[in-house]
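Participant: here is a sequence together with a model predicted from it:
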Amino acid sequence: MASAPSASLLGLLLDAQAGTTTPDSKNRFTIEGLSTRRTPDGELEIAVDRLAAGALRLAWGSYVIEVGDLALHKLVARLRLDGSVPQLRAFTADSIELTAATLLVPVDLATKATADSTAPWCMAPLSGAEGTIHAQIREAHLMFDANVAVPLRQGQVDFNKATVAHVGPDSRMGVSRMGIYVDAPNGRSYLYQFSAAVVDGVTYERRGSLIGAFVSDRGQLRLQPFLEGLLRQGPASHGPGFTEQARLLFERTALSGHVQLSDGRFAAAGIEGELVGRAEGRHHNLVRLHSKAVGRGVSAEVQSLSVRQGRLQAGSLALQCDAITGALQLRAFVENRELRLAVEITHAKMAGVRLGHHSPATSG
């Protein structure tokens, strides 16, 4: 996410273009239990028992958020009145509830690596992830009407257990020092190529002792260190990445599956928190994947999100909350030849919300 202006949240809101979610709708605002007072240090404190709003649309540059209904409970805002523009110094709320909200975010795939790419990325919920990814490839060059199944056990893909079934002899998936491949009857083709001889989280294929011996072990890929390693490198260091042949396949590939994330901390691009609930046997943070054509977009749905100690850092502003629960869908899709992300929130509740000026968080 792009850095927000560091002056104040109020300044950020003043820079926003406000509107309604549809041309025929009207904004709705309700305020209950409003009170104000001067603090000993001369700041103005505004307290509201409940603030509700609906049919909102806000745009900051390329970022757009639409909200069906928004409710804030027991909120307190502190403003400093120095100068011509009030400065919002702090904001708290017992809870914030959202329904029918959508955040649209553009993605620049050409962005070069920056100092931020060395941030302490953390994807601990992948370390114990369980699930299976299915793909159906129609009229592919490597195989005809292929059905692919890739199991995920304890955060690891074991390519010895991945299957690629189609008419005639089946193909096999694996990972070598060059990248992730498919061995089809007509030879080996690479889907994703590595930029370095040693890649975090990868156990490469092994062959027998004789020259030209068959592959005896197709290799393994541990998702957490693999993805964290790619994120640390930054986009400019990923090397060849997906091959042109893979991109053509994705246009004819349907995807489905589920991934049960484990408990653990995550941190990426100014967002961090801890997924919780798995240790208690609850089915929180189960991700369901779906796509009619991977080359045009992929959806990831979470019906029961459960996050503790969430934090969003944008410039000098930090939004923190004790707990986040809800249901949402993340869609990555191509629009006008540009990749975009849409976060669609069916409903969500944030408890113990605090917003204020802070230096960027450091991770231990």
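Facilitator: Now that the structure is in, tell me what you want to look at.

Participant: can you map out the strands along the stretch 1-150 of the chain?
Facilitator: Along the stretch 1-150 of the chain, the segments classed as strands by DSSP state E, counting those that start in this stretch run 17-19, 28-38, 44-60, 63-80, 87-106, 122-123, 130-137, 146-152.

Participant: how many neighbouring residues does Thr30 have?
Facilitator: The tally of other residues near Thr30 (other C-beta atoms under 10 Å) stands at 10. For the C-beta atoms, the positions are set from N, CA and C on the backbone; glycine is no exception.

Participant: likewise for the one 3 residues further on?
Facilitator: Taking other C-beta under 10 Å as the criterion, the count of residues near Gly33 is 10.

Participant: okay, the strands of the stretch 1-150 of the chain in TSV with distance to Gly295 next?
Facilitator: Listed next are those as TSV, based on distance: least, C-beta to C-beta, whole Å:
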stretch	distance to Gly295
strand 17-19	32
strand 28-38	40
strand 44-60	28
strand 63-80	24
strand 87-106	19
strand 122-123	25
strand 130-137	11
strand 146-152	15
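
Participant: adding mean pLDDT, write the ones you listed out as JSON lines.
Facilitator: Shown next, in JSON lines, are these (pLDDT from 0 to 100):
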{"stretch": "strand 17-19", "mean pLDDT": "64"}
{"stretch": "strand 28-38", "mean pLDDT": "94"}
{"stretch": "strand 44-60", "mean pLDDT": "90"}
{"stretch": "strand 63-80", "mean pLDDT": "91"}
{"stretch": "strand 87-106", "mean pLDDT": "89"}
{"stretch": "strand 122-123", "mean pLDDT": "94"}
{"stretch": "strand 130-137", "mean pLDDT": "96"}
{"stretch": "strand 146-152", "mean pLDDT": "96"}
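
Participant: Ile324 is nearest to which of those strands?
Facilitator: Ile324 sits nearest to strand 87-106 of all the strands of the stretch 1-150 of the chain, at 9.6 Å, using C-beta to C-beta.

Participant: what's the span of stretch 188-200 from first residue to last?
Facilitator: Length of stretch 188-200, first residue to last, C-alpha to C-alpha, to the nearest Å: 23 Å.

Participant: just the buried residues of it, please?
Facilitator: 189-194, 199 (16 or more other C-beta atoms under 10 Å).

Participant: out of these, which sit inside strands?
Facilitator: 189-193 (DSSP state E).

Participant: what is the nearest of those residues to Ile96?
Facilitator: Nearest to Ile96 among these is Tyr192, at 39.7 Å by C-beta to C-beta.

Participant: can you pull up the bridge partners for Gly179?
Facilitator: Applying DSSP bridges to Gly179 yields these beta-bridge partners: Gln193.

Participant: what sits against it?
Facilitator: Contact analysis of Gly179 by C-beta atoms under 8 Å, 6 or more residues apart in numbering lists 190-194, 240.

Participant: export those to TSV and tack on distance to Ala149?
Facilitator: Below are the contacts of Gly179 laid out as TSV (distance: C-beta to C-beta, whole Å):
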residue	distance to Ala149
Tyr190	20
Leu191	15
Tyr192	18
Gln193	23
Phe194	24
Pro240	26
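
Participant: between these, which is closest to Thr132?
Facilitator: Leu191 (18.2 Å).

Participant: these two touch, right, the closest one and Thr243?
Facilitator: Yes: Leu191 lies in contact with Thr243 (C-beta atoms under 8 Å); the separation is 6.4 Å.

Participant: hmm, back to that, the strands of the stretch 1-150 of the chain: which one's closest to Val215?
Facilitator: With C-beta to C-beta as the criterion, Val215 lies closest to strand 146-152 of the strands of the stretch 1-150 of the chain, at 17.2 Å.

Participant: by how many degrees do that closest one and strand 130-137 diverge?
Facilitator: Here strand 146-152 runs at an angle of 170 degrees relative to strand 130-137 (axes from the mean of the first three to the mean of the last three C-alpha atoms, to 10 degrees).

Participant: can you give me the strands for the stretch 201-350 of the chain?
Facilitator: Counting by DSSP E, counting those that start in this stretch, the strands of the stretch 201-350 of the chain are 202-203, 206-207, 215-217, 220-222, 241-242, 253-260, 264-268, 271-275, 286-291, 297-314, 317-335, 338-357.

Participant: partners of the third one in the sheet?
Facilitator: I take that to be strand 215-217. The strands beside strand 215-217 in its sheet (DSSP bridges) come out as strand 206-207 (antiparallel).

Participant: same question, the last one
Facilitator: Pairing partners of strand 338-357, with direction, according to DSSP bridges: strand 87-106 (antiparallel), strand 317-335 (antiparallel).
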